[in-house]
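>>> what shape does this take:
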Amino acid sequence: MTEEEVAERVRIATRVFDEFPHQVAILDGEGVIRATNRAWETFGIENDVGVEADMVGENYLAVCRAGEDEDSATAAEGITAVIDGRSEEFSFEYPCHGPDRKRWFTMRATPFEFEGEELVLIVHTDITDRHRAEADVAERNETLELVAGILSHDLRNPLSVATARTELLREVSDGGGNDHLEAIERSLERMRDIVDDALLIARQTEPETLEALDFGACAERAWEQVTTGDATLAVKADATIEADETLLAQLLENLFRNAVEHGGDDVTVTVSPREDGFVVADDGPGIPESERDAVFESGYTTNQDGGGTGMGLAIVSRIADLHDWSVRATNGPDGGAAFVVSGVAVGQ
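Now for the predicted structure:
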């Protein structure tokens, strides 16, 4: 290369080095800072580091060791291990709070060779946004766990007491007021269903186990767990699918319950496998095309007067997501609604 070409490359490299948004420094084998970029210098100016803002010529190891906190000592030891060849790379996260706001950074030390000299690249990256997001998620998870505890214990106990007292009241009843007792029992049963659904949403994070399941048998067992009146189940399922058995049962029960709630006690529900999943269809009134995406939203229901909570299909969608499946609502072959679950491992 000509001298002009070399100079141009140097100018480009210097520009890139200065435009890099993270704080970068290059150390020699003694820990002395040989070069820093503009972000490093700007950080030094804004935070009054007590030495020249670019810190070129300062021994970074000495600066770290002079710090009184444990993080400074950790940084010095990690960088020293990279310089000595005891570690191929070192990184750790640490707080670096300013007077006006809290901040968190990650520091990474990586060795490299330049013109025969062993050097170390130090990069400090601001991870405050990520740290805050993780803290928010942890706080929400803690809240969810608290709510789940209330549902599973504090609410289940009075529900069990109310159910037992209702049964006793029916035993001592002289026959009057049974309609009221039946209404109370239905409400208590619905409350238990709501608790179960809410716990599933709050606590389930991923399927515990996946196994090859007889899909037809799973559908028939799920049907037995739902109050179906005179509704009919038609199983056209000679196949196995890879799924978590408990979650699959919950998915099917919610689809069956939805079909009966909207299609009536005499609805026929048909379950059939397909190449990459399965379909649960009914011959009820169907779902308007404009509402087919909305039905999977939590709280969406057209049966509020009949006790619908709007969580059943949201749970179906959630269970599908946990398996990496997809689910959509469409027209059924008999004019009703059909729920198509795709992305399932299906065998014969």
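
>>> buried set for whichever helix or strand residue 92 is part of?
Assigned by DSSP states H and E, residue 92 falls within strand 90-95. Of all the residues in strand 90-95, those buried under the rule 16 or more other Cβ atoms under 10 Å are 90, 94. Backbone N, C-alpha and C define where each C-beta goes, glycine included.

>>> and for stretch 108-126?
When burial is assessed from 16+ other Cβ under 10 Å, stretch 108-126 yields the following buried residues: 108-109, 111, 119-126.

>>> next, residue 72: secondary structure please.
For residue 72, the secondary structure call by DSSP: H, G, I helix; E, B strand; the rest coil comes out as helix.

>>> mind checking which helix or strand of this protein has the lowest mean pLDDT?
The helix or strand of the chain with the poorest confidence is helix 178-203; it has a mean of 74 (mean pLDDT, DSSP states H and E).

>>> what's the span of stretch 72-92, first residue to last?
Between the opening and closing residues of stretch 72-92 lies a distance of 11 Å (Cα to Cα, to the nearest Å).

>>> what pLDDT, on average, does it get?
The average pLDDT within stretch 72-92 is 95.

>>> quick one: contacts of that stretch?
The set of residues external to stretch 72-92 that reach it, using Cβ atoms under 8 Å, 6 or more residues apart in numbering, is 27, 29, 31, 60-61, 64-67, 71, 94, 106-111, 118, 120, 122.

>>> for stretch 93-103, same thing?
Contacts of stretch 93-103 from elsewhere in the structure, counted by Cβ under 8 Å, 6+ apart, are 47, 71, 74-75, 104-107, 126-128, 131.

>>> so which of these belong to strands?
Among these, the ones falling in strands (DSSP state E) are 104-107, 126.

>>> which parts of the stretch 151-300 of the chain are strands?
211-214, 232-235, 240-243, 268-274, 277-282 (DSSP state E, counting those that start in this stretch).

>>> could those be laid out in TSV, adding mean neighbour count?
Output for the strands of the stretch 151-300 of the chain, formatted as TSV (neighbours: other Cβ atoms under 10 Å):
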stretch	mean neighbour count
strand 211-214	14
strand 232-235	16
strand 240-243	20
strand 268-274	21
strand 277-282	23
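
>>> any chance of those in TSV, with mean pLDDT and distance to residue 150 too?
Formatted as TSV, the strands of the stretch 151-300 of the chain follow (pLDDT from 0 to 100; distance: least, Cβ to Cβ, whole Å):
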stretch	mean pLDDT	distance to residue 150
strand 211-214	92	33
strand 232-235	93	36
strand 240-243	92	30
strand 268-274	93	34
strand 277-282	94	33
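
>>> who wins for proximity to residue 43 among those?
strand 240-243 (51.3 Å; Cβ to Cβ).

>>> now the closest one - C-alpha only, CSV.
Backbone C-alpha positions of strand 240-243 (Å, rounded to 0.1, in the frame of the first residue of the first chain) are rendered in CSV as follows:
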residue,chain,number,x,y,z
THR,A,240,-50.2,-39.9,18.3
ILE,A,241,-48.9,-36.4,19.1
GLU,A,242,-46.0,-35.1,21.1
ALA,A,243,-47.3,-33.0,24.0
